Structures are given as C-alpha cells and as structure tokens.
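> the following block contains a protein sequence and its predicted model.
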Amino acid sequence: DAKTTQPTSMDCAEGRAANLPCNHSTISGNEYVYWYRQIHSQGPQYIIHGLKNNETNEMASLIITEDRKSSTLILPHATLRDTAVYYCIVRGGNTGKLIFGQGTTLQVKP
Amino acid sequence: ETGVTQSPTHLIKTRGQQVTLRCSSQSGHNTVSWYQQALGQGPQFIFQYYREEENGRGNFPPRFSGLQFPNYSSELNVNALELDDSALYLCASREDRGNTEAFFGQGTRLTVV
C-alpha cells in the first residue's frame, strides 16, 4: 500500500477555502485516493475519493495531479464545524484495508 | 448518520480480562473491518471479514479475534487484556463492489486498568 505525506497542521479563516495537500508519490495505477476526516472522538467520516479525475461532491472537491503523485482536498467555504483531523489514504481496489497516517489537523478560525 | 452502530460506547476492563465489542453494519454491506485508535494516533487496521470469513489482518496478535454473522452484525474479541489495549475501537462496513467507501461507526472507548 502506498504511503501518504500530509502537513501536521493547518489554519483556515472561516468562510475561506481550505486547501489540504497530500503527497503519495508511490501510488500504483489501480490505487484510489480517499479522504476521511475525524472530529474529536468520533468515527472517521468519509469525504470523497478518486482515481485520476478530479471529483466534486456536496462536501468537497478532490484535485489529483496528472502524474497522480499528489492531490489536494478543497473545502470551498470552511466553517467552524470543519475543524477536524483530515486523513489522506491510498487504497487498492482488492483490499478494504485503510492505512491511516497522522493526518492534518485543520483549525478553522473565526 | 452512517448506519453503522457500535456497542457499548464506553467500557472499563481489568488487565487479563476478556472483552467483546459489537458492531451492526448497514444491510447489504458484507465487508466489515475493525480498527484500533490509540490516543493521538490514526486508526490502525486490525482485520477484515467478508461473508463471515477473515480475509485480511493487520499486525495484531492472535488474542484479537473476530466473528461476522449473516445478519450484518460482527464482534471483536480481545483476550488477556493489556493496558496498551486501551483505545478507541472502530468498525467500518462497505459494499462488496470495487472501490466503495467505508462507513465507520462511532467507536467503543475501551479502558484497561
């Protein structure tokens, strides 16, 4: 399973876009990029996932570089409730195993 | 609301005891995984079950075992509890097909004293 590298922490002003980067330089061709977030002491919440095309849903957008070695999760209008630990995970199609790193602690400030 | 429920929410056990944690998955989700999350760390994969058979395991000793039942419920059993087993235990379920997302329960907070 490919490993991911994320910044330990980031701040974002409320109402602004939050851009969370992730490096996954050893990703294989059949591995997807998943993003989850975890608000204090709750179970991880699924946000979005993608293979090579950019994806958007009601929560966020996922931008994957053409070489697939990095990606960015974009929360278009961050609110205080978006304060959480965000995990970038690479997962192969034949395994359900999610390998979590330390994630990025996003602090949204008023 | 993910449709995945875990019980109990909190639990205190004594070192050396055994514990059973329970998870109820969404209907139709035949794959369930269990994770251990120590304080300040990301979740660590324990094992995965598919249609009542274990089909993947992380770096956890045999005293961590599981069961999955046809009614979309599952159990995590831990024998001979150690102080380091204190953690948040999470279960996650997903559909069978391809790269679908996993939905997590709220977890069981286990404290071993």
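Now that the structure is in, tell me what you want to look at.
> and residue B:18, how close does it get to residue B:108?
15 Å (Cβ to Cβ, to the nearest Å). All C-beta spots, glycine's among them, are computed from the backbone N, C-alpha and C.
> which of those two has more residues huddled nearby?
Neighbour comparison, residue B:18 and residue B:108: the larger count goes to residue B:108, with 21 against 11 (by other Cβ atoms under 10 Å in any protein chain shown).
> so who does that one touch?
Under the criterion of Cβ atoms under 8 Å, 6 or more residues apart in numbering or on different chains, the contact partners of residue B:108 comprise B:6, B:7, B:8, B:9, B:10, B:11, B:21, B:88, B:89.
> may I see the PyMOL selection of the buried members of these?
Selecting only the buried entries of those in PyMOL, with 16 or more other Cβ atoms under 10 Å in any protein chain shown as the criterion:
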select buried, chain B and resi 6+21+88+89
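> within reach of chain A, which of the contacts of residue B:108 are there?
With Cβ under 8 Å from any Cβ of the partner chain as the criterion, the subset of the contacts of residue B:108 in contact with chain A comprises residue B:88.
> among the contacts of residue B:108, which pair sits farthest apart?
Spanning the widest gap among those are B:7 and B:88, at 13.9 Å by Cβ to Cβ.
> list the helices and strands the lowest-mean-pLDDT helix or strand in chain A packs on?
Across the helices and strands of chain A, the lowest-confidence element by mean pLDDT, DSSP states H and E is strand A:84-92, at a mean of 91. Strand A:84-92 is packed against strand A:18-23, strand A:31-38, strand A:70-75, strand A:104-109, with contacts defined by 3 or more Cβ pairs under 8 Å, 6 or more residues apart in numbering or on different chains; DSSP states H and E.
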